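S.K.: Everything below, folded, please.
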Amino acid sequence: MSGSAGHDSAGSGYVVAVDLGATSGRVMLGQVGPGVLSVEAVHRFPNQPVHTSDGLHWNILELYRNVLVGLHKAIGQCPELVSVGIDSWAVDYGLVRGNRLISSPYHYRDERNAHGVELVHERVGHDALYEAGGLQFLPFNTLYQLAVDGADGLLDESTAMLMIPDLLGFWLTGEMITERTNASTTGLLDIVGGSWNATLIDKLGFPRALFRPVVNPGTVIGPLQARVATEIGSESAVELVAVGSHDTASAVVAVPMTTRKAAYISSGTWSLVGVELDEPVLTAASRDANFTNEGGVDGRVRYLRNVMGMWLLSESVRSWERDGQVIELSELLAAAAEVDRPVATFDASHPSLMPAGDMPSRITELCRASADPVPETPAEFARSIVESLAVAYATTLDEAERLSGNAIDIVHIVGGGSQNALLCQLTADRAGRTVLAGPVEATAIGNVLVQGRAAGFVSGSLEDLRATVAETFAPVRYEPGKGGMP
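M.R.: The predicted structure follows:
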């Protein structure tokens, strides 16, 4: 297993982190205990949405099948497994009536969301929504999606809304709950009080019964159902534990911050750029800057802004491959690092870049609109994308510092983007701050740590957990001015 601290493993235990991203999923076997922290992938699989006649959906049944496959492999490797925790992307959900999923969960990139924005804002303006939930405006936020379902007649008192990790957890245990960090991304949770906002729910015409009880990370949900245990080959009780089920909440647990003067960038398909606070920031300036206040583990607030992430690069690669080009990502990034002429930077969060499709053409249009030089080769496009992300990161970090009053000296980049040396160095250069990169599997590590603490294998505050991460997974350091930008 990767990341062992090398200490005595007495008193440690084994748990499984199911980590579902927007393009891929993984089932990770973790060992955690005093001085022991390691994760190992036992099953990886793609997450490919499906277009049907009514829109873009997640293939939730295939995801669930792969979760079971991964759990079977984990049990085969480690029969003494004690628990499992599930995290995923935010905002999306399934509707369950009785024990039946009544429609396949929609993908947040589906075009129906624009109508949902209209429906909600006819009743409640964005200013009031921000005051209540503290969320930045994103057209795919859960409440907008629910408004479309309501208009389609899918919501009633017999229906439950389950976020993606909670839906999978329901199939595993039979228990219907909503984990708090993911609930905070719906726009319907009172960001100050921490409970469902009944006043807002009523104003939007949603049935109150739609919303299940909210539980905190670390809550033991219950044992796996007998038929599930049989299918995965478990002969002992394995419990489902609520973790920071919004993947960023789990990732932030494993950010090896040793000072409060630190920011994080959880860099994957999306980039989540921000700081950890004790209280939300609900000012008009924060709202206008489109910063969000989301729930973190142990009652912390993840004050951040969503920035487009490696989606820009991965979707560009798909476009080139559809045209018959053979692209190897590491070679592409190496070539991008060698680009010696200035390249255009563009708004990495421009709405035109949201849908799937021909990303290079859209980037070309943005460059032309601003009279910037248009990239000509895949290497130049990749350099332009990475430079633009670094600019967006730097701008967001400056605004997070100004709006929160939290000074930022160190920037931690975790997740897949932490392996992108060009991105890390350019972020240090553009932000004028030291960047510490890693761990790559921060989300799974944070998931494992919360389970380990619930089981009693480790104890302490988030700071104590992060100290273990810092000791176990040495970050790579990038200093400003070392990138040799043209």
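S.K.: For the rest of this, base every contact and every neighbour count on C-alpha atoms.
M.R.: Will do.
S.K.: helix/strand/coil for Thr259?
M.R.: coil (DSSP: H, G, I helix; E, B strand; the rest coil).
S.K.: give me phi/psi at it?
M.R.: Here is the backbone geometry of Thr259 (degrees, to the nearest 10): phi -150, psi 150.
S.K.: any idea how far Arg453 is from it?
M.R.: To Arg453, Thr259 is 22 Å away according to CA to CA, to the nearest Å.
S.K.: Settle it for me: which of the two has more neighbours?
M.R.: Neighbour comparison, Thr259 and Arg453: the larger count goes to Arg453, with 17 against 11 (by other CA atoms under 10 Å).
S.K.: shaky segments in the stretch 351-486 of the chain?
M.R.: For the stretch 351-486 of the chain, the stretches flagged by pLDDT under 70 are 482-486.
S.K.: what about Glu131, how many neighbours?
M.R.: 17.
S.K.: Sorry, slip of the keys, the one I care about is Gly438.
M.R.: There are 26 residues near Gly438, going by other CA under 10 Å.
S.K.: That one: what's it in contact with?
M.R.: Residues near Gly438 by CA atoms under 8 Å, 6 or more residues apart in numbering: Val255, His412, Ile413, Val414, Gly415, Ser418, Gln419, Phe473, Ala474, Pro475, Val476.
S.K.: and those, which of them are in strands?
M.R.: His412, Ile413, Val414, Val476 (DSSP state E).
S.K.: and which of the residues you listed is nearest to Ala335?
M.R.: Val476 (21.3 Å; CA to CA).
S.K.: Let me know how buried the closest residue to the closest one other than its chain neighbours is, in neighbour terms.
M.R.: Excluding the flanking residues, the one nearest Val476 by CA to CA, 6 or more residues apart in numbering is Ala437, at 5.0 Å. With neighbours defined by other CA under 10 Å, the count for Ala437 comes to 29.
S.K.: do the same with Tyr478
M.R.: Count around Tyr478 with other CA under 10 Å applied: 21.
S.K.: got a list of what it touches?
M.R.: Here Tyr478 is in contact with Cys424, Gln425, Ala428, Thr434, Val435, Leu436, Ala437 (CA under 8 Å, 6+ apart).
S.K.: In strands only, show me those residues.
M.R.: Filtering these for strands - DSSP E - leaves Thr434, Val435, Leu436, Ala437.
S.K.: Surely the second one is in contact with Pro475?
M.R.: In this case it means Val435. No: taking contacts as CA atoms under 8 Å, Val435 lies outside contact range of Pro475: 9.2 Å.
S.K.: With neighbour numbers in mind, choose between those two.
M.R.: More crowded of Val435 and Pro475, by other CA under 10 Å: Val435, with 29 against 20.
S.K.: what's the model's confidence in stretch 323-332, averaged?
M.R.: Per-residue pLDDT over stretch 323-332 has a mean of 92.
S.K.: And stretch 295-315, by the same measure?
M.R.: The predicted model gives stretch 295-315 an average pLDDT of 94.
S.K.: Quick check: closest non-adjacent residue to Tyr108.
M.R.: Spatially, and ignoring its direct neighbours in sequence, Tyr108 is nearest to Phe140 (5.4 Å; CA to CA, 6+ apart).
S.K.: In this structure that neighbour contacts His115, no?
M.R.: No: contact status for Phe140 versus His115: not in contact, 10.3 Å apart, counting by CA under 8 Å.
S.K.: Where do the domain boundaries of the protein fall?
M.R.: 13-241, 257-438 (automatic domain parsing).
S.K.: Between those, which one is closest to Val469.
M.R.: domain 13-241 (7.6 Å).
S.K.: Now do the same for the closest one: mean pLDDT, whole number.
M.R.: Domain 13-241 comes out at a mean pLDDT of 96.
S.K.: What residues of the helix ranked longest in the chain count as buried?
M.R.: Counting by DSSP state H, the longest helix found in the chain is helix 378-404. Residues of helix 378-404 classed as buried by neighbour count (16 or more other CA atoms under 10 Å): 378-394, 396-397, 399-401, 403-404.
S.K.: Same check on stretch 15-23?
M.R.: For stretch 15-23, burial by neighbour count (16+ other CA under 10 Å) applies to Val15, Val16, Ala17, Val18, Asp19, Leu20, Gly21, Ala22.
S.K.: Contacts made by it with the rest, please.
M.R.: 25-32, 46-48, 67, 71, 74, 81-89, 247, 269, 443-445, 447-448, 451-452.
S.K.: are any of those buried, and which?
M.R.: Buried by 16+ other CA under 10 Å: 25-32, 47, 67, 71, 74, 81-89, 247, 269, 443-445, 447-448, 451-452, out of the contacts of stretch 15-23.
S.K.: Helices - which of those land there?
M.R.: For the buried ones among the contacts of stretch 15-23, membership in helices holds for Val67, Leu71, Ala74, Asp247, Thr443, Ala444, Ile445, Asn447, Val448, Gln451, Gly452, with DSSP H as the criterion.
S.K.: Could you dump these into a markdown table with distance to Asp156 added?
M.R.: Listed next are these as a markdown table, based on distance: CA to CA, whole Å:
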| residue | distance to Asp156 |
| --- | --- |
| Val67 | 30 |
| Leu71 | 34 |
| Ala74 | 39 |
| Asp247 | 29 |
| Thr443 | 35 |
| Ala444 | 36 |
| Ile445 | 38 |
| Asn447 | 33 |
| Val448 | 36 |
| Gln451 | 34 |
| Gly452 | 38 |
